[in-house]
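Trainee: Pasting the sequence and the predicted model now:
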Amino acid sequence: MTRPILTVEAMRAAEEAAEASVQELMERAGQALAEAAYRFAGPLPTLILCGPGNNGGDGYVAARHMKSLGVEVRVAALADPKSATAKWARGKWEGKVETLSARTKPAPMVIDALFGTGLKRGLEGKTAVQLGRLCENATVAIACDVPSGIDSDSGEELSESPRFDLTVTFGALKPAHRLFPAMHKCGRVALGEIGIEARTDWHEIGRPDLPGLKPGGHKYDRGLVHALAGKMPGAIALAAKAAAHAGAGYVRVSTSLPLGGLPSAVVQVDTAEINDERIGCLLVGPGMGDVPPILTLALTSHAPKVIDADAITQLGDPARLKGQDAIITPHHGEFVKLFGELEGSKAVRAAEAAKKSGAVVVYKGPDTLVAAPDGRVGFAPPAPAWLASAGTGDVLAGMIAALRARGMAAFEAACAGVWLHGRAAEIAGPTMIADDLVDAIARAFAE
C-alpha cells in the first residue's frame, strides 16, 4: 500500500471537498496526534507548543485527548489563536495555557504544534531558540503535521529545525516528509486518517508487488537484460551481476575484453546483438566512459532501456529520449547537465523532466524520486546514508533493468528497483561496499 502525498494547495482543496466541517477535521487530527504520541511514547508528561493558526488548534485538541488518556499535559502558546477554528479548539481546552518563553520548563515529551503546512517564512529567532531548547531537553520530540520552520512543499528549512522522533501528519503525507533536508528532521512519519479523499498522482513508494514466475516458463520469459560495456569494466560488472540477482532470466554483456568479477551465469559476448527481439531491457551507461558510439548504438535499439551514468551526460538533448521507452537514472549533476536548472521543488523538477523527455526519470539523491511522463511521481522512503558510495548507482541501474525485462511497466519497475535497493542497503549494513549491496539483493527479494 502506497501513501498519498499532497502539496499545500492540494491538501486545502481536499479539505474543502470533505463532507466533514473544519471543526470536525481538526477534532480528528488532534485526536490522531494524541493517539499516535501515546502509542509511540506512552504516558510521558507532555508539553504541547501551540501556534496561532490551525496547527496550534490541532495541538489544543491533542492536549484534551491526551489528558483523557491520563497523561499529564501542559500547553504553552506562542500567541492567541487567530482562526475561528483554532479559537474553538482553545475554548475546548480546560487547562492552563502558559506563554511560550525562555521561562517555559521542559517536559519529557514535547509536541511541536506551532506552525504547519502553510508556513512560507522561517521562525523568528526567539521562537526557534525556544523550540530547539525544549526539544533538546525532551526525551521524545514529536511534530504536528510538519516540523515548524519547514516549507511543506519543497522540504526546505526556512529556519533551523530540531530533529524529531516522530511526525504525525493527517490525510496524506506532504512532500517535505520525503524531500531533503526536511525528511531527516521528521523522524518516523505516521499518517492519521481524518476523512478526506487524497486525489493525487504523487505517492510514497511502497513495498512492490513483483511479477510471479510461470511454472512452465524459461529464461527468456523471465527477461533478457543486455548490457553494453565501455571503458570501466567494474561498473558494468556490478550492474550485470545486480540484474542477475534481481531476477532476470538471462544477463549478457557486450564487451571486447573479458570482464572479471562476474558470475558464470552472466554471458559475455563480443558483439552487441542489440536487435535481438528477445531483449527485455537494454542497459547502457555504467562504466561507459567517453565512448559516444556506444550510446548511439543503444538508441538505435527498439528494446526498452535503462540509461545511466556516462550515457546520461552524453545525451546532450532530452529530445533524443522521445520514443525510446527509456528509464534514465541521473544524480543531481547529471540531471542539471541534461535538463538545465529547472524551477520548483525537486518533485516539480523531476515531473517536468519526465514530461519533457518522455522518459521515466529516477532522480537520485538522499531523497530519490521516480517521475513518469504522465505526471506520476513516486517518493522513496528514507534510505540508509551509507548508500552514498561508489558503485551503488550501477547496482540500482542493473536492478531496474532486470525488473523492466521481467515485464514490469517502466514506472513500476523503477519504483520497485528504488525500494528494493534501499532495503538491500539496510540488510547489507553500514560497512557495505557496492559488492556487498549486490549480495544483499537476494535477501531483499526474498522478503
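Mentor: All right, it came through fine. Numbers count the residues shown, from 1 in each chain.
Trainee: residue nearest the centroid of the protein?
Mentor: residue 380 (2.5 Å; C-alpha atoms, centre = their mean).
Trainee: Does it touch residue 366 like I think?
Mentor: No - proximity of residue 380 to residue 366 does not meet the contact threshold set by C-beta atoms under 8 Å, at 9.5 Å. In short, each C-beta sits where N, CA and C put it, glycine included.
Trainee: what number of residues lie near residue 200?
Mentor: 18 (other C-beta atoms under 10 Å).
Trainee: and if you look at residue 22?
Mentor: Neighbours of residue 22 (other C-beta under 10 Å): 16.
Trainee: ok, it touching residue 86?
Mentor: No - contact criterion C-beta under 8 Å: residue 22 and residue 86 do not qualify, at 10.0 Å.
Trainee: isn't there a helix covering residue 143?
Mentor: No - under the criterion used here (DSSP: H, G, I helix; E, B strand; the rest coil), residue 143 is strand, not part of a helix.
Trainee: residues making contact with the helix or strand encompassing residue 338?
Mentor: If you go by DSSP states H and E, residue 338 is part of helix 332-339. Among residues not part of helix 332-339, those counted as contacts by C-beta atoms under 8 Å, 6 or more residues apart in numbering are 309, 312-313, 315-316, 318, 328, 330, 349, 352-353, 356-357, 361, 363-365.
Trainee: all strands of the stretch 301-447 of the chain, in order?
Mentor: Secondary structure of the stretch 301-447 of the chain (DSSP state E, counting those that start in this stretch): strands located at 305-308, 326-329, 360-363, 369-371, 377-379.
Trainee: Of all those, which one comes closest to residue 121?
Mentor: Ranking the strands of the stretch 301-447 of the chain by distance to residue 121, with C-beta to C-beta as the measure, places strand 377-379 first at 24.7 Å.
Trainee: now the closest one: how far from the chain's centre is it?
Mentor: In terms of C-alpha atoms, centre = their mean, to the nearest Å, the centre of strand 377-379 is found 7 Å from the chain centre.
Trainee: Also stretch 410-420?
Mentor: 12 Å.
Trainee: Begin at 879 from now on, thanks
Mentor: Understood, numbering begins at 879; the last thing we discussed is stretch 1288-1298.
Trainee: rounded to a whole number, what's the mean pLDDT of that stretch?
Mentor: The pLDDT scores in stretch 1288-1298 average 98.
Trainee: next one: stretch 1260-1268
Mentor: Stretch 1260-1268 carries an average pLDDT of 96.
Trainee: Quickly list what residue 1255 is bridged to.
Mentor: Note on residue 1255: beta-bridge partners by DSSP bridges are residue 1080, residue 1249.
Trainee: residues touching it, list them.
Mentor: 883, 1079-1081, 1225, 1228-1229, 1247-1249.
Trainee: switch to 10 Å and redo it
Mentor: By C-beta atoms under 10 Å, 6 or more residues apart in numbering, residue 1255 lies in contact with 883, 1053, 1078-1081, 1083, 1224-1226, 1228-1229, 1232, 1239, 1241, 1247-1249, 1289.
Trainee: Please list only the buried members of those residues.
Mentor: 883, 1053, 1078, 1080-1081, 1083, 1224-1226, 1228-1229, 1232, 1239, 1241, 1247-1249, 1289 (16 or more other C-beta atoms under 10 Å).
Trainee: Lovely, talk soon.
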